[in-house]
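Peer 1: need a 3D model of the following:
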Amino acid sequence: MIKNNLCCLSSISLVEPTIEKNTARAEIIVTESDGTESRFELMNKYDRHLQEDHLPLLRLAFCMPLLNYGLFSKKSSYIFR
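Peer 2: Now for the predicted structure:
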C-alpha cells in the first residue's frame, strides 16, 4: 500500500480580526514544513459600520477560507488576543 502525505504546512494560524469602520482585517500566519514563515492579511469590506459584537461572526468568516488549507497542515490554530 502506498501512502501519500499531503501535509506541506507545519501550521496555519489566524490572528484576532480587527475592525476599522466598515472594514475587517485578519492576519494569517503560515509555517511551512521547513520552518519558513509567511504572513498575509485578509480584508473584508462591508456596507455598514462594524461593531465589537460582530467579532464572533468575523472570526468564523475568516476561518472559512482556511479550512481547505488546514487539510494540508499538521496544526491549525486561532490566536485571539
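
Peer 1: contacts and neighbour counts: CA atoms only from here.
Peer 2: Noted.

Peer 1: quick check: the closest residue to residue 30 other than its chain neighbours vs residue 31, distance?
Peer 2: Sequence neighbours aside, residue 12 is the residue nearest to residue 30 in space, at 4.5 Å (criterion: C-alpha to C-alpha, 6 or more residues apart in numbering). Look at residue 12 and residue 31: by C-alpha to C-alpha, to the nearest Å, they are 6 Å apart.

Peer 1: same deal with residue 41?
Peer 2: 15 Å.

Peer 1: which of the two has more residues huddled nearby?
Peer 2: residue 31 (18 against 12; other C-alpha atoms under 10 Å).

Peer 1: neighbours around the residue lying closest to the more buried one once chain neighbours are set aside, how many?
Peer 2: The shortest distance from residue 31 to any non-neighbouring residue, by C-alpha to C-alpha, 6+ apart, is to residue 37 (4.4 Å). Other residues near residue 37 number 14, with proximity taken as other C-alpha under 10 Å.
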